[in-house]
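Chemist: Following is a predicted model, sequence given first.
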Amino acid sequence: MFVGIAHAAFKVTDMKASLHFYCDIAGMKHAFNLKDKDGKPWIEYLSFGGGQFVELFYGAEYTAEPAYDGKRIGYHHYCFETKDMTGLAKRLFAEGLIQKETIDFGVDGNRSCWAHDPDGNAVEFIQYYPESPLVKDPPCSGRVSPGAGIAHIALRSKDWSKALAFYRDLLGFQLQWTLERDGKPVIYYLLVRPGQIIELYDGSTETLPPDQKRAGFSHVCIEVDDINAAAAYIEGKGVKLDSPPKRGVDMNYQAWVTDPDGNRIELMQIDPESPHAKADAKA
Ligand SMILES: [Fe+2]
Ligand SMILES: [Fe+2]
């Protein structure tokens, strides 16, 4: 029913700077854009192919740094898989976004680095290698997606049991692995689909009040194969939807729900006539 992470959405202060970061440096392709009902630029869509996008919304007026504040409930960072860490690292280094150009293998047998996007959001990049235990050994196998894409999204939660009840028990994402320190869980890894993980980090206490003018994380979108069935299933489990299924201006069918930590989750059934489906067909 829940197919995979379709997109992650961020509000940005300077679209030109963000497009430079995500397209010219990180290697995403600009796919299409949407205008709001007044005809003003609204969302820029960047594509990885394979049905995965990043949505960049216009209209943030300021950032709230650091976006990955360790104490804050909610978005922590997200990670893009790349097939060419060497080329990516060269570009990041040339822009002064990382400290050294050579990326060594980590203890997990992969190569990864971190940078910040122009609004201060922490972004991780990873190239997986076949010999890595994350790729090779159960229970972690299957982390390599067929191409580049969203590898994981990390969220900090206030209460493990509630977050697991939502992502594991309700949405059905299998608990693949638990990272422990001193016998206590530190990160839960939930498999959304092969190659895509939601990481739930340990408990946090600080919340940011909602603010439409602040840049940063907006929502995660989970693709579903049947929006009405997904909505009925969720409501049947006693979880209230924020908005029932409807067709959006992008032609796809969407419904919204909030996770126990207040993160907005969009559910989306892709219409073959939507710009998303067409951008994918072209990729
Ligand atoms: Fe990560
Ligand atoms: Fe969205």
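Modeler: In hand now; what should we look at? Numbering: from 1, shown residues only. Ligands and ions are numbered 1, 2, ... in the order given.

Chemist: Every contact and neighbour count from this point should use C-alpha atoms.
Modeler: OK.

Chemist: Let me know how buried Pro272 is, in neighbour terms.
Modeler: The number of residues packed around Pro272, counting by other C-alpha atoms under 10 Å, is 12.

Chemist: Got the confidence number for the residue nearest to it when sequence neighbours are not counted?
Modeler: Of all residues not flanking Pro272 in the chain, Lys278 sits nearest, at 7.2 Å (C-alpha to C-alpha, 6 or more residues apart in numbering). The model reports Lys278 with a pLDDT of 86.

Chemist: Which element, helix or strand, includes Lys278?
Modeler: Using DSSP states H and E, Lys278 sits within helix 275-282.

Chemist: ok, now Pro244?
Modeler: For Pro244, the host element (DSSP H and E) is strand 243-247.

Chemist: ok, residues contacting that strand?
Modeler: With contact meaning C-alpha atoms under 8 Å, 6 or more residues apart in numbering, strand 243-247 is reached by Ile227, Asn228, Ala231, Tyr253, Gln254, Ala255, Trp256, Val257.

Chemist: how about the strands in the stretch 101-250 of the chain?
Modeler: For the stretch 101-250 of the chain, the strands defined by DSSP state E, counting those that start in this stretch cover 111-116, 122-127, 149-156, 174-181, 184-193, 196-201, 216-224, 243-247.

Chemist: okay if I get those strands as a markdown table plus mean neighbour count?
Modeler: As requested, the strands of the stretch 101-250 of the chain are arranged in a markdown table below (neighbours: other C-alpha atoms under 10 Å):
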| stretch | mean neighbour count |
| --- | --- |
| strand 111-116 | 19 |
| strand 122-127 | 19 |
| strand 149-156 | 24 |
| strand 174-181 | 14 |
| strand 184-193 | 19 |
| strand 196-201 | 24 |
| strand 216-224 | 22 |
| strand 243-247 | 15 |
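
Chemist: between these, which gets nearest to Ala94?
Modeler: strand 111-116 (12.6 Å; C-alpha to C-alpha).

Chemist: Can I get the closest one in CSV, CA atoms only?
Modeler: Only the C-alpha atoms of strand 111-116 are listed here, as CSV (Å, rounded to 0.1, in the frame of the first residue of the first chain):
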residue,chain,number,x,y,z
ARG,A,111,31.8,6.8,1.2
SER,A,112,29.8,9.6,2.5
CYS,A,113,30.1,13.3,3.3
TRP,A,114,28.0,16.1,4.7
ALA,A,115,27.2,19.6,3.5
HIS,A,116,24.7,22.3,4.2
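
Chemist: re the thing from before, okay if I get the contacts of strand 243-247 as JSON lines plus pLDDT?
Modeler: Converted to JSON lines, these look like this (pLDDT from 0 to 100):
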{"residue": "Ile227", "pLDDT": "97"}
{"residue": "Asn228", "pLDDT": "97"}
{"residue": "Ala231", "pLDDT": "96"}
{"residue": "Tyr253", "pLDDT": "96"}
{"residue": "Gln254", "pLDDT": "96"}
{"residue": "Ala255", "pLDDT": "96"}
{"residue": "Trp256", "pLDDT": "96"}
{"residue": "Val257", "pLDDT": "95"}
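
Chemist: Which of those fall in helices?
Modeler: If you go by DSSP state H, these have Ile227, Asn228, Ala231 in helices.

Chemist: what would the residues you listed look like in CSV with neighbour count and distance to Glu124?
Modeler: Putting those into CSV (neighbours: other C-alpha atoms under 10 Å; distance: C-alpha to C-alpha, whole Å) gives the following:
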residue, neighbour count, distance to Glu124
Ile227, 23, 31
Asn228, 17, 34
Ala231, 22, 32
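
Chemist: List just the nearest of those to Ser204.
Modeler: Nearest to Ser204 among these, with distances taken as C-alpha to C-alpha, is Ala231, at 29.1 Å.

Chemist: Hmm, the closest one is touching Leu241, no?
Modeler: Yes. Ala231 lies in contact with Leu241 (C-alpha atoms under 8 Å); the separation is 7.5 Å.

Chemist: hey, what's in contact with both of those two?
Modeler: Ala255.

Chemist: residues touching the closest residue to Ile103 other than its chain neighbours, list them.
Modeler: Closest residue to Ile103 apart from its sequence neighbours, by C-alpha to C-alpha, 6+ apart: Arg111 at 6.2 Å. For Arg111, the contact set (C-alpha under 8 Å, 6+ apart) comprises Met85, Ile103, Asp104, Phe105, Ile126, Gln127, Tyr128.
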